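*Asks:* predicted model follows, preceded by the sequence.
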Amino acid sequence: MLKLKNYLNWVLKIREIVALITLFTIIFICLVLIGPIFLSINNIANILSVVSPIAITATAMTLLMISGEIDLSVGSVMAITPTITSLLALKGYNIFFSALIGIGIAFFIGLINGILVTKFKIKSFIATFGMMVIVENIAHLLTGGWYIYGLPPSCTFFKIFGGEIFGHFPVMAIWLLVIAICLWLLLDKTAFGNETLATGGNKEGAIKVGINTDRVKIINFMLTAFTASFAGIIMLSYIGGIPSGIFGRNLAFDSIAAVVVGGTSLSGGSGTIIGTVIGAFIVGALRNATLITSISSYWAMAIVGLIILIAVILNTLLELRRN
Amino acid sequence: MELSEKKNLINLKVLVKNRETVPATILILMVIIFSFLSGGRYLSIFNIIAVSQQASLEGIVAAGMTLILISGEIDISVGSNYALTPVVVALLVKEVGLTIWLAAMIGMGVALLIGFINGYVVTKLKISSFIVTLAMMMFLRGYALILTHARDVGFLPPSVFYQILGGRIHTKFPVMVIWFILTILFLWILLEKTPFGNRIFATGCNQEGARKVGINTDKVKIKIFMIVSACAGFSGIISLSYLSQASPVQGNLLPLYAIAAVVIGGTSFSGGSGTVIGTLVGAFIAQGAINGVVLMGATSYWPQIFMGAMVILATILTTWMDKLRFRID
Amino acid sequence: MEREQIVKMVKISKNFGAVEALKNVDMELYQGEILGLLGDNGAGKSTLMNLLAGVFPPTSGSIFLKGKEVRFNSPADARKIGIETIYQDLSLFEDISIERNIFAGGEPTRPVLGGLVRFLDKKKMEIASKEELKNLKIDIDSTKRTVRRLSGGQRQTVAIARALCFNASIMIMDEPTAALGIKQTNMTHKLIKSLREEKDISIILVSHNLDDIFRLADRVVVLRHGQKVLEEKIKDTSLEEIRNEIIGVKTD
């Protein structure tokens, strides 16, 4: 009996435990409701294609939220980078060059976000909300509301970012792995990662020990914008064009949900990349499940909202227990 | 210093101290500029009515949102609430056969319940209001879509219901503007003249300190969440009467517009202080600006870009004014 | 002169989870005295103070006020019977006016519309706060100004004015001179003495500053590891003895 209690205590100490349990619960429910086809090779590939852009953005968002800020504009960044990229490419520019410009614009947007929050002292919620509206509508202006097509579907660029190997396995999952590992190293092993944790944990204290908290936040904003733009490039490559309207609309919500369900506290100061990735899988699996069934996506919205709430409550309780 | 000069300085001080001065000035300037640029069309009766109606629907919610921001929280579920409440009312009348008044009362009850849940989870379970209301927003929106099978619910309002909520006086003056002004007045009195209002300010300024002097900050916040939800529900019911339909997708941008009105009206996002009168002005500025930009021939995307930029600029301006006020005090 | 006992805390224990912050502490407060409550960090003096202030209830034990047992469900209950606490951070609200600050949590009201609704009695608030601030000899031209601009000493006076406006009969003061300079500390000492002399308020002084204690207190109670280790009249003990008891060094 004592051994069981010790084991239980050890298990509860794993930060990502809530995320893991939620993930397994979701997979179990989906298997029951949908059948073994849910975990077929084909569908796993589909799930990965939904999860990857969310996870890529969410990993950088984790650092940003650890440092105490939030970015609601990621969806609009994810939309505008491929828009600019494909418009330039259609005009005849080399596509790699066009992508660089598109990503450069994203860095710029991240910089603006960072400056608005640190130098103008606007709360990140409002600043990125405003930027989201502005950038999203600029993207719509550029496309004139139409979808973009006409790019060569089998060019190398698309293969590198949005291709498939071994049949249906999406390359973007590899990119996800690369980025997740890089950001994990950044958070866990570098001085910058430590500064991020300190800034979020106690901003005044961090300033007093000589950390440039403004710089930390600005860099995190730029990283988040970068990953969002990268996710946009990936989606562009995967789809081969830009579907009109709802491109990137859900990204902010999904990535924040992934981060929060994964165990990062909204008030900052702590969090893990692994938890976020698990969280991204949860959100992605749910979106996939509603796509392949006749369950309306409205149920999905309601359910995702409920699950986020439950996961956050559990995480909060665990956090209190840990202290 | 000459007596007249001193008097001028004192008046300037008062102007700056008042939170409502800046938004009032912006409103006046905006009206003048847009009237000029649109060749007078901006001030046509038709246009004024259109702007007033939009401003009222969003302003009622913004008024409640002002209290939320003062107390240091946020509620982004208001848009979904604004959609769900009229859906519930319309369906209760059409499918269940209740009278409109009973249905409306139940609808308001639902709205109050939503506010209570929001407030309870935020205060007792100690979860950030952003997350709680985000989840609630998704949940309510999904639920509204489920109830209506994603279709608008057509609804013929009984004449009295229409007259009282969504109608016009003398075929010109929209009644909902009166409701907006009444809501603002009610909340202004609540904030400035009652102990509850004082406690809202105290909770927003220094929650720990408020607790220590015996203020039940949880109760205060729960009540505020219920107030803003009631505002969203009420506005939704007015829109039902006015549009003759309940749409499950309406109110998508309502949180943005409501927060914009509050921020443009001079309430600071950091809590502890704010003004509902400013929100009244802010609602008209927000809607008036969009309307003006559209009148000038801008396509459907520019007004929103303008709105986003306006919110950011207004926040910067408000922060700057706060600093100025601090120096003058 | 035999002083009346007004507060009696009997066998007070307080646990936070597995942590025993207070173990079977007895404490009394007599009318018109200044009682020093001492102890190192973590000794339990904040906990004891919070219990009396009504912030949380004791795990076991009872509190008696003038012989009657009292239970506090919130700080509001403690304030209602005349126990006012001035915390180290003063619990002030930056962006609202001085008078609103003073009456936060206990705002006076007047009936409006035939009693249907109650509004803030702003006249009462202004008159009362002006009166107390004048008595405390502080020069503030308007109680409608916000607290933000006030100096540390002025802020503390506002916090004390708050206690006086609520007719405190018992005041708990938490590190009142911690953030003050020497001149202001001196003035605070004069103020505390006058509170006792002119208003017969009984004061519990929680402080690290042994100088404060020796200048002001009639009696001292020292806590260590949640237990009472010393209770003496100030004239019957010494700086050395108190310090040793706080730290826990055996003397003979």
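*Replies:* That came through fine. Numbers count the residues shown, from 1 in each chain, chains lettered A, B, ... in the order given.
*Asks:* what's around residue A:35, how many residues?
*Replies:* Neighbour count for residue A:35, taken as other C-beta atoms under 10 Å in any protein chain shown: 11. Bear in mind the C-beta positions are built from the backbone N, C-alpha and C, glycine included.
*Asks:* any idea how far it lies from residue B:198?
*Replies:* Look at residue A:35 and residue B:198: by C-beta to C-beta, to the nearest Å, they are 60 Å apart.
*Asks:* what's the answer for residue C:41, then?
*Replies:* From residue C:41 to residue B:198 the distance is 35 Å (C-beta to C-beta).
*Asks:* who has more neighbours, those two?
*Replies:* The neighbour count for residue C:41 versus residue B:198, taken as other C-beta under 10 Å, is higher for residue B:198 (26 against 7).
*Asks:* centre of the chain to the helix or strand hosting that one, how far?
*Replies:* Using DSSP states H and E, residue B:198 sits in helix B:195-205. In terms of C-alpha atoms, centre = their mean, to the nearest Å, the centre of helix B:195-205 is found 19 Å from the chain centre.
*Asks:* near chain C, anything from that helix?
*Replies:* Yes: Helix B:195-205 is in contact with chain C by C-beta under 8 Å from any C-beta of the partner chain, via B:195, B:197, B:198, B:199, B:201, B:202, B:205.
*Asks:* wait, does the worst-scoring helix or strand of chain C on mean pLDDT contact chain B?
*Replies:* The weakest-scoring helix or strand in chain C, judged by mean pLDDT, DSSP states H and E, is strand C:117-120 (a mean of 83). Yes: against chain B, strand C:117-120 shows contacts by C-beta under 8 Å from any C-beta at C:117, C:118, C:119, C:120.
*Asks:* can you redo those residues as JSON lines with distance to chain A and neighbour count?
*Replies:* Shown next, in JSON lines, are the residues of strand C:117-120 next to chain B (distance: C-beta to the nearest C-beta, whole Å; neighbours: other C-beta atoms under 10 Å in any protein chain shown):
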{"residue": "C:117", "distance to chain A": "35", "neighbour count": "13"}
{"residue": "C:118", "distance to chain A": "35", "neighbour count": "17"}
{"residue": "C:119", "distance to chain A": "33", "neighbour count": "17"}
{"residue": "C:120", "distance to chain A": "30", "neighbour count": "21"}
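*Asks:* max pairwise distance over the residues you listed: which two?
*Replies:* C:117 and C:120 (11.2 Å; C-beta to C-beta).
*Asks:* what pLDDT is listed against whatever residue of the stretch 1-150 of chain B ends up closest to chain C?
*Replies:* Proximity of the stretch 1-150 of chain B to chain C (C-beta to the nearest C-beta) peaks at residue B:70, 9.7 Å away. pLDDT recorded at residue B:70 is 95.
*Asks:* now residue C:1
*Replies:* pLDDT, residue C:1: 53.
*Asks:* and the closest residue to residue B:156 other than its chain neighbours, how many neighbours does it have?
*Replies:* Closest residue to residue B:156 apart from its sequence neighbours, by C-beta to C-beta, 6 or more residues apart in numbering or on different chains: residue B:244 at 6.4 Å. Per other C-beta under 10 Å, the neighbour tally for residue B:244 reads 16.
*Asks:* distance of residue B:244 from residue B:173?
*Replies:* Taking C-beta to C-beta, one finds residue B:244 at 20 Å from residue B:173.
*Asks:* cool, thanks, signing off.
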